[in-house]
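1. how would this look folded up:
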Amino acid sequence: MLNQSIKDIVVGRILSQVQTPGQYIGGEWNSRPKDHSTVRGKLCLAFPDTYGIGMSNYGLQVLYDAMNSRDDWACERVFTPMEDMERLLREHDAPLYSLETFTPLADFDLLGFTLQYDLCYSNVLTMLDLARIPLDATKRTAEHPLVIGGGPGTANPEPMAKFFDLFVLGDGEEALPQVCEAWLAAKSRGGDSSGDRESMLAEVAARLPFVYVPRFYRPNKDESGRTVGIDPLRDDIPTEIQPAIVADFESTPIPTRPIVPNVECVQDRVAVEIMRGCPGRCRFCQSTTLKRPLRFRKVETIVQAAREAYSATGYNEISLLSLSTSDYPDLEELLTQLQAEFRPKGVSISVPSLRVNEQWRTVADLLNTDRRAGLTLAPEVALDDMRKQIGKRITNDDLYEGCRNAFENGFSRVKLYFMCGLPGEREADLDGIIDMAEHIWRMGRKIRGKPPTVVANVSNFVPKPQTPYQFNAMRRREYFAAARENLYQRKRLRGVQLKCHDIDSSLLEGVICRGDRDVADAIERAWRAGARFDAWSDKLQPELWWQAIEDSGIDVEQLLHTDHPADARLPWDHMQIHQGRRYLQREQERSVEQLGEMEQ
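-> Now for the predicted structure:
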């Protein structure tokens, strides 16, 4: 079952020379290695970041469980090796391998990447190269694995189109097994040449409406060189890609035997997804549009899943996942039952995604736990009229009342997330960030009798594809730099911590996520120049990226800093959302109207 030769190289020659060797050895509790001779198909799930981050990704656990629940499929995992491991694999001429059986990635039938964040894209190239799979999808033969991309990055797959055979749009639990079966069926009728591979891809593309095969589509460009739409090159494939949607969310299995990592990860806890989608209509939020429609699980389903997962792992924390947990309609009943079940066992309940609403006002009471370290909230902006314009239906009164309640219930830390650079942003909006954070700090000191910890995190707004703000330009570097300086100058209380996101990483994120197929050249150039783990602030080398972008001839001004009319065709319009393109256009037009009213 194990590829012993690769394991001998890794264990005998490499692991003693790398940091955190436990992330490369597999064998975790609840992992599910299978004998490849007993299965029909082999899939490896690839997460383009470190083990510690990838193993904290709930979607990975969901897909792993969904595929391994099939007796005739083996599903394994691989993560991006750190620089020391990458170097040693190359020195020992060893391919990148799966954790379960040390199988080279090139030996799998399918290789599925989670495209979670734009600045992780260089890691995809590292993994393909270490796997000895051609970076250019058109250079692969039928003998190579089918390279799939899924996740938020499919909102605009064009910057990575060169490197992927196909993308899956939407929910993956039901879509991924269908792709796997369709590929095996096509493969059984194919040969071993690149032409055979193309016919196999065409068969899958024609069969599944949520599959996008870039090679079968041609970008159209206007006289300025801007991509203004994607057209199919074949009559048997769809003009627009429709998202896969899990309609019966309640009946969809929950991973109740999640893999317990070998090493410390970002999230070491049981996670249960209680709701998919968000009732809010925030105009800046990509997840709101990509995760529609809104679906819930029953309280008893959630409690039973938490009970089973706790028994299978021994974690002392259970996290309730959704885009906005405080909008779950039966939250009070759910928390009451979970507390009755788990408080006697010393297990805490966390709700990491809270939207400030009426239910939020009492959530601190419901989270009656001995570990009240803190709460994380995302007001996004500090003034009510601006928050209404961005589509977030909360008020400062709700926020302050909720924080008061939290402090009275023993919470000592509040983390706030804001954005800088939103359309129509005023100086008062930026000043309000500091005013709000300091007001909450004073409230906490008064209630608790000692200073709390209040952290204001300020990110730079990136107008993402598939949001109503996709038509808006991103602010320039100078704007963010000036805003950052003003925020630090305005902060008066030492007890309030201010953290501002790196400007280069935000601008690069904007170039990548809003780009077309021309951006693939810049991604590859940056990777070949040494770009690795660009999502990490201590790893990012922005000069490599800006040089690669310049050498690729990309017009950053046009791509990133130019507004588009609401009826403009954009490079990602062929990737549909549940509400449809017209919804985005309508919300953008309303935003413009509201901004005009604010200026009067």
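2. isn't A182 right up against V204?
-> Yes. Assessed by Cβ atoms under 8 Å, A182 is found in contact with V204 at 4.7 Å. Glycine gets a C-beta too; all of them are placed from N, C-alpha and C.
3. Tell me which residues touch the nearest residue to D385 once chain neighbours are set aside, please.
-> Closest residue to D385 apart from its sequence neighbours, by Cβ to Cβ, 6 or more residues apart in numbering: M598 at 6.0 Å. Shown in contact with M598 (Cβ atoms under 8 Å, 6 or more residues apart in numbering): 385-386, 389, 424.
4. ok so, going back, same drill for A182 and V204, tell me which one is more crowded.
-> The residue with the greater number of neighbours, taking A182 and V204 and applying other Cβ atoms under 10 Å, is V204; the counts read 22 against 19.
5. Look up how far A185 lies from the more buried one.
-> Computed with Cβ to Cβ, to the nearest Å, the distance linking V204 and A185 is 9 Å.
6. my guess is N220 meets D231, correct?
-> Yes. N220 is within contact range of D231, at 6.0 Å (criterion: Cβ under 8 Å).
7. Which ones among the contacts of M598 map onto helices?
-> 385-386, 389 (DSSP state H).
8. Out of those, the closest to K291 would be?
-> Closest to K291 out of these is Q389 (22.5 Å), distances taken as Cβ to Cβ.
9. Confirm that E485 sits in a helix.
-> Yes. Under the criterion used here (DSSP: H, G, I helix; E, B strand; the rest coil), E485 sits inside a helix.
10. What's the local residue count around it?
-> Using other Cβ under 10 Å, E485 is surrounded by 11 other residues.
11. Distance-wise, check it relative to C420.
-> Distance of E485 to C420, computed by Cβ to Cβ: 12 Å.
12. List the contacts of the residue most central in space within the chain.
-> Within the chain, one residue has its C-alpha closest to the average C-alpha position: by Cα atoms, centre = their mean, that is Q116, at 3.3 Å. Shown in contact with Q116 (Cβ under 8 Å, 6+ apart): 47-49, 57, 151-153.
13. on that earlier part again, looking at N220 and D231, which is more packed in?
-> More neighbours surround N220 than the other of N220 and D231, with 13 against 10 (other Cβ under 10 Å).
14. To which secondary structure element type does the more buried one belong?
-> Under three-state DSSP, the three-state class of N220 is strand.
15. And the closest residue to it other than its chain neighbours, its phi and psi?
-> Counting by Cβ to Cβ, 6+ apart, N220 lies nearest to G229, which is 4.8 Å off, once chain neighbours are set aside. Per-residue torsions, G229: phi 130, psi 160 (degrees, to the nearest 10).
16. Now do the same contact list for G229.
-> Counting by Cβ under 8 Å, 6+ apart, the residues that G229 touches are 219-220, 569-571, 573-574.
17. Filter those down to the buried ones.
-> When neighbours are counted using 16 or more other Cβ atoms under 10 Å, the contacts of G229 contain these buried positions: 219, 569-571, 573-574.
18. quick one: the helices in the stretch 1-150 of the chain?
-> Secondary structure of the stretch 1-150 of the chain (DSSP state H, counting those that start in this stretch): helices located at 4-9, 51-54, 58-68, 83-91, 121-130.
19. any low-confidence regions in this protein?
-> Counting by pLDDT under 70, the chain contains low-confidence residues at 1, 190-194, 353-373.
20. CA atoms only: put the longest helix seen in it into CSV for me.
-> Of all segments of type helix in the chain, defined using DSSP H, the longest is helix 427-448. Provided in CSV are the C-alpha atoms of helix 427-448 (Å, rounded to 0.1, in the frame of the first residue of the first chain):
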residue,chain,number,x,y,z
GLU,A,427,-12.3,61.2,6.3
ALA,A,428,-15.0,60.8,9.0
ASP,A,429,-15.2,57.1,8.2
LEU,A,430,-11.6,56.6,8.9
ASP,A,431,-11.6,58.8,12.1
GLY,A,432,-14.6,56.7,13.2
ILE,A,433,-12.5,53.6,13.3
ILE,A,434,-10.3,54.9,16.1
ASP,A,435,-13.3,56.6,17.9
MET,A,436,-15.2,53.3,17.9
ALA,A,437,-12.3,51.2,19.1
GLU,A,438,-11.5,53.6,21.9
HIS,A,439,-15.1,53.9,22.9
ILE,A,440,-15.3,50.1,23.3
TRP,A,441,-12.0,50.2,25.3
ARG,A,442,-13.4,52.8,27.7
MET,A,443,-16.6,50.8,28.1
GLY,A,444,-14.7,47.7,28.9
ARG,A,445,-12.5,49.3,31.5
LYS,A,446,-15.6,50.8,33.2
ILE,A,447,-17.5,47.6,33.3
ARG,A,448,-14.6,45.3,34.2
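21. Tally up the residues packed near Q600, please.
-> Using other Cβ under 10 Å, Q600 has 4 neighbouring residues.
22. Same check on G424?
-> As a burial measure, G424 scores 17 neighbours (other Cβ under 10 Å).
23. How about the contacts made by it?
-> With contact taken as Cβ under 8 Å, 6+ apart, G424 is in contact with 386, 389, 595, 598-599.
24. Got the phi and psi for it?
-> Per degrees, to the nearest 10, the residue geometry at G424, taken as phi and psi, is phi 80, psi 10.
25. show me where the stretch 401-550 of the chain has strands.
-> In order along the chain, the stretch 401-550 of the chain carries the following strands (DSSP state E, counting those that start in this stretch): 413-420, 453-460, 496-500.
26. Indicate which one of these is closest to D107.
-> If you check each of the strands of the stretch 401-550 of the chain against D107 by Cβ to Cβ, strand 453-460 wins as the nearest, at 40.8 Å.
27. so what does that closest one touch, helix or strand wise?
-> When contacts are defined as 3 or more Cβ pairs under 8 Å, 6 or more residues apart in numbering; DSSP states H and E, strand 453-460 sits against strand 413-420, helix 427-448, helix 477-490, strand 496-500, helix 503-513.
28. Let's see that with 7 Å instead.
-> In this structure, strand 453-460 makes packing contacts with strand 413-420, helix 427-448, strand 496-500, judged by 3 or more Cβ pairs under 7 Å, 6 or more residues apart in numbering; DSSP states H and E.
29. which one of the ones you listed is the most hemmed in?
-> Burial among the helices and strands packed on strand 453-460, expressed as mean neighbours by mean count of other Cβ atoms under 10 Å, is greatest for strand 413-420, which shows a mean of 20.
30. got the angle for it vs strand 496-500?
-> With axes from the mean of the first three to the mean of the last three Cα atoms, to 10 degrees applied, the angle from strand 413-420 to strand 496-500 works out at 40 degrees.
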